[in-house]
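*Asks:* from the sequence below, what's the structure:
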Amino acid sequence: MQPTHIEHIGIAVKSLEQAIPYWENVLGLKCYNLEVVADQKVKTAFFMVGQTKIELLESTDPEGPIGKFIEKKGEGIHHMAFAVQDIEQALVDAESNGVQLIDKAPRKGAEGLSIAFLHPKSTFGVLTELCEDKNKK
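*Replies:* Take a look at the predicted model:
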């Protein structure tokens, strides 16, 4: 596996409505995309910082992954996402190196990306997301 860049940093928030003004008014960034990812029980808001995205994540269900995260750990950094060119091969490579996979196969994520997560127990406590933009091939 050879990541090409940091795709985004995911940050769990209780409320996009409350969080977006900080990113826009204090940091001077512009929210360029709002999206609901129903199967992940989340609403997202995206900002660009240079070539890296910040993804704010608000749970749409307290039993969803972001809802559980906030209940357990509070708001804050949820995951680090890396862009890869072949997500299926990246998963094979990760697993062959002893990394526990959350997703054995890619699934659809925000912004039309194919995504898969690596378990933080195998990545030194950092929930790691792999992303591939199949439209850029």
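*Asks:* number of nearby residues for the residue nearest to Asp61 when sequence neighbours are not counted?
*Replies:* Spatial nearest neighbour of Asp61, chain neighbours left out: Lys41 (4.1 Å); criterion: C-beta to C-beta, 6 or more residues apart in numbering. Heads up, the C-betas are built off the backbone N, CA and C, glycines and all. Lys41 has 19 neighbouring residues, counting by other C-beta atoms under 10 Å.
*Asks:* tell me the contacts of Val13?
*Replies:* By C-beta atoms under 8 Å, 6 or more residues apart in numbering, Val13 lies in contact with 19, 56-58, 70, 75.
*Asks:* check the offset of the helix or strand hosting Leu91 from the chain's centre.
*Replies:* Assessed by DSSP states H and E, Leu91 sits inside helix 87-96. A distance of 18 Å separates the centroid of the chain from that of helix 87-96, by C-alpha atoms, centre = their mean, to the nearest Å.
*Asks:* run through the protein and note the low-pLDDT ranges.
*Replies:* Scanning the chain for pLDDT under 70 picks out the ranges 137.
*Asks:* which residue ranges of the chain form strands?
*Replies:* Here the chain has its strands, by DSSP state E, at 5-13, 33-37, 42-49, 52-59, 76-83, 107-108, 114-118, 128-132.
*Asks:* and the ones you listed, which is most packed in?
*Replies:* Mean neighbour count (mean count of other C-beta atoms under 10 Å) peaks for strand 128-132 among the strands of the chain, with a mean of 23.
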